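Q: I would like the atomic coordinates for the input below:
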Amino acid sequence: MGRTLLAGLFLAAATGAALAQDYPKRPIRVVVAFPAGGSADIVARIVTQKVSEMSGYNFVVENRPGAGGNLAFGNVATSEADGYTLLFSTPGIAINPSLYRKVEYKLEDFKSIAVVGEAPLVLLARPSLGISSVSELVQAGKGQPDAIRFASSGNGSSSHLAAEVLRSMTGMQYLHVPYKGGSAAMTDVVGQRLDITMQPISESLPFIRSGGLRALGQTGGVRSPIAPDIPTLAEAGVKGYSVTTWYMLLGPARLPDDIVTALAGKFDQALRQPELREKLQSVGVSIINSGPKQASTFLRSEADKWAQAIKASGTRIE
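A: Down below sits the predicted model:
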């Protein structure tokens, strides 16, 4: 190996180490693809606050809703890979490249840092709809296509795709009405302008407990500890159904490995703290806490799973 090449390698290694040692010098922007107050926003703020308390890193959560998450994903993919722009993502990043006919990014434009955890959604109906079970809902949807009006959190959201999986597994039909977030979707179902929705369990429980919405089932493989009285959709008759929303941290593809390691270490340390675990569990999030290598494998596995589901459902968005 020539001296010039060796010198270059040593210089690159030294530069990477210096970056990590000096990082961060200013606030770190954490982009969330949904509005403030939604589950992704809540989880991002809970986690980054704890990481900040323990590490001294200063995180600023920025909400960039729209286009099923594509605005946020595209923004981070093309950002400077210096560790000052990160993405706190839900499954849309794994879903959208297969769901949309054209997106301005690909999975290879991102570097996985950590998977935080996952949470089930809840299938919700307005009480005045007069439907109290999944089987009744499926029959109503089959009997008159588009009679059931479904409000999702947006095209390509976990809410939307969870319903598409239900459609493909049961033959149920509905009219899809996408919103720019779960809060707006639930507001219109509570207001009887639409009929059903699927939303994260933490956002759903206040409406269920107040009687504003009726829970027909939750989407995870097992019942959430914060709602043990709500059956899973598999228990309610849709055998084999299991869909969750998850939360993970990513950066642009060229993010230096030393910065990835530093960030992953800080998140791992925070997610091991009992008080943070308890706080996340209180909003329905089961901790996963995997590092960069596992997170990358997880993301690719999710992308492959959703690509197959989307192909089977025939759903495509312009």
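
Q: ranges for the strands of the stretch 51-200 of the chain?
A: Across the stretch 51-200 of the chain, reading from the start of the chain, the strands by DSSP state E, counting those that start in this stretch fall at 59-63, 85-89, 110-125, 149-152, 175-178, 196-200.

Q: Point out the most buried one among the ones you listed.
A: Burial among the strands of the stretch 51-200 of the chain, expressed as mean neighbours by mean count of other CB atoms under 10 Å, is greatest for strand 196-200, which shows a mean of 29. No exception for glycine: its C-beta is placed from N, CA and C like everyone else's.

Q: how about whichever helix or strand comes after that one: buried residues?
A: Toward the C-terminus, strand 196-200 is succeeded by helix 201-210 as the next helix or strand (DSSP states H and E). Applying a neighbour-count criterion of 16 or more other CB atoms under 10 Å, one finds I201, S202, E203, S204, L205, F207, I208 buried in helix 201-210.

Q: any chance of these in TSV, plus pLDDT and distance to L280?
A: Putting the buried residues of helix 201-210 into TSV (pLDDT from 0 to 100; distance: CB to CB, whole Å) gives the following:
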residue	pLDDT	distance to L280
I201	92	12
S202	87	10
E203	87	14
S204	93	16
L205	93	15
F207	95	21
I208	96	20
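
Q: doesn't A236 make contact with T170?
A: No - with the criterion set as CB atoms under 8 Å, T170 and A236 do not qualify as a contacting pair; they are 10.8 Å apart.

Q: Quick one, which of the strands of the stretch 51-200 of the chain gets closest to G291.
A: Using CB to CB as the measure, strand 110-125 is the one of these that comes nearest G291, at 6.2 Å.

Q: Indicate each strand paired with the closest one and its parallel or antiparallel sense.
A: The strands beside strand 110-125 in its sheet (DSSP bridges) come out as strand 196-200 (antiparallel), strand 214-218 (antiparallel), strand 244-252 (antiparallel), strand 286-290 (antiparallel).

Q: got the angle for it vs strand 85-89?
A: Put simply, strand 110-125 runs at 30 degrees to strand 85-89, going by axes from the mean of the first three to the mean of the last three CA atoms, to 10 degrees.

Q: Strand 110-125 - what's its average pLDDT?
A: Rounded to a whole number, the mean pLDDT of strand 110-125 is 97.

Q: Can I get that strand as PDB, trimmed to CA atoms?
A: Included here for strand 110-125 are C-alpha records, laid out as PDB according to Å, rounded to 0.1, in the frame of the first residue of the first chain:
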ATOM      1  CA  PHE A 110     -30.500   6.900   4.900                       C
ATOM      2  CA  LYS A 111     -28.300   5.400   7.600                       C
ATOM      3  CA  SER A 112     -30.100   3.600  10.500                       C
ATOM      4  CA  ILE A 113     -29.100   4.600  14.000                       C
ATOM      5  CA  ALA A 114     -31.500   3.000  16.400                       C
ATOM      6  CA  VAL A 115     -34.900   1.400  16.700                       C
ATOM      7  CA  VAL A 116     -36.700   2.800  19.800                       C
ATOM      8  CA  GLY A 117     -39.900   0.600  20.100                       C
ATOM      9  CA  GLU A 118     -43.200  -0.300  18.600                       C
ATOM     10  CA  ALA A 119     -46.900   0.200  19.500                       C
ATOM     11  CA  PRO A 120     -50.200  -1.300  18.200                       C
ATOM     12  CA  LEU A 121     -53.000   0.700  16.600                       C
ATOM     13  CA  VAL A 122     -56.600   0.400  17.500                       C
ATOM     14  CA  LEU A 123     -59.500  -0.100  15.000                       C
ATOM     15  CA  LEU A 124     -62.100   2.600  16.100                       C
ATOM     16  CA  ALA A 125     -65.700   3.200  15.100                       C
END
